[in-house]
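Peer 1: pasting a predicted model and its sequence here:
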Amino acid sequence: MPHVDRLALEGMRFTNAHTPSAVCTPTRYGILTGRYCWRTRLKYRVLDRFDPPLIEEGQLTVPSFLKQRGYRGLSGAGSYGDFVIETDAFVGAVLDALDRTNITDNTLVMFTSRNGRLYHGMGCDRKR
């Protein structure tokens, strides 16, 4: 990810951030749906693979929105690979625009990520 690498090399790294929740499920729900996470049946904890989906069937999400508009994956590595490639490309586009307009030195660019997923050890490879 050359553009994200550039962002890390040229900028400051902050490794502590805050969201509407201290756990991943509500935060992911909000990012994927654009809806406030605590207006769901989930009022505490995180979902794991034994829980029913929190996102209702047919609910508009960022991926379904993109699919409706003809987006198709390009990486050959599935959804996650596509996400990594697209994320890096968009970071590159932002950095290029800042360079082109000579405002890089006066602009704060924030990039966030997550640490991993809930692991139950059943049929999953755990890589760290």
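Peer 2: Happy to help now that I have it.
Peer 1: contacts for the longest helix belonging to the chain?
Peer 2: Using DSSP state H, we find that the single longest helix of the chain is helix 78-100. Helix 78-100 has contacts (C-beta atoms under 8 Å, 6 or more residues apart in numbering) with 1-4, 6-7, 63, 73-75, 77, 104, 107, 109, 111. For the C-beta atoms, the positions are set from N, CA and C on the backbone; glycine is no exception.
Peer 1: now that helix, how far from the centre of its chain.
Peer 2: Here helix 78-100 is found 12 Å from its chain centre; the criterion is C-alpha atoms, centre = their mean, to the nearest Å.
Peer 1: and that helix, which residues are buried?
Peer 2: Neighbour counts over helix 78-100 (16 or more other C-beta atoms under 10 Å) mark D82, I85, D88, V91, G92, L95 as buried.
Peer 1: so which of these comes closest to R39?
Peer 2: Using C-beta to C-beta, D82 comes nearest to R39 of the buried residues of helix 78-100, at 29.1 Å.
Peer 1: from L98, how far off is that closest one?
Peer 2: From D82 over to L98 the distance is 25 Å, taken as C-beta to C-beta, to the nearest Å.
Peer 1: if we can go back for a sec, any chance of the buried residues of helix 78-100 in a markdown table, plus distance to Q59 and pLDDT?
Peer 2: Formatted as a markdown table, these follow (distance: C-beta to C-beta, whole Å; pLDDT from 0 to 100):
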| residue | distance to Q59 | pLDDT |
| --- | --- | --- |
| D82 | 21 | 77 |
| I85 | 26 | 84 |
| D88 | 28 | 88 |
| V91 | 28 | 90 |
| G92 | 31 | 92 |
| L95 | 33 | 94 |
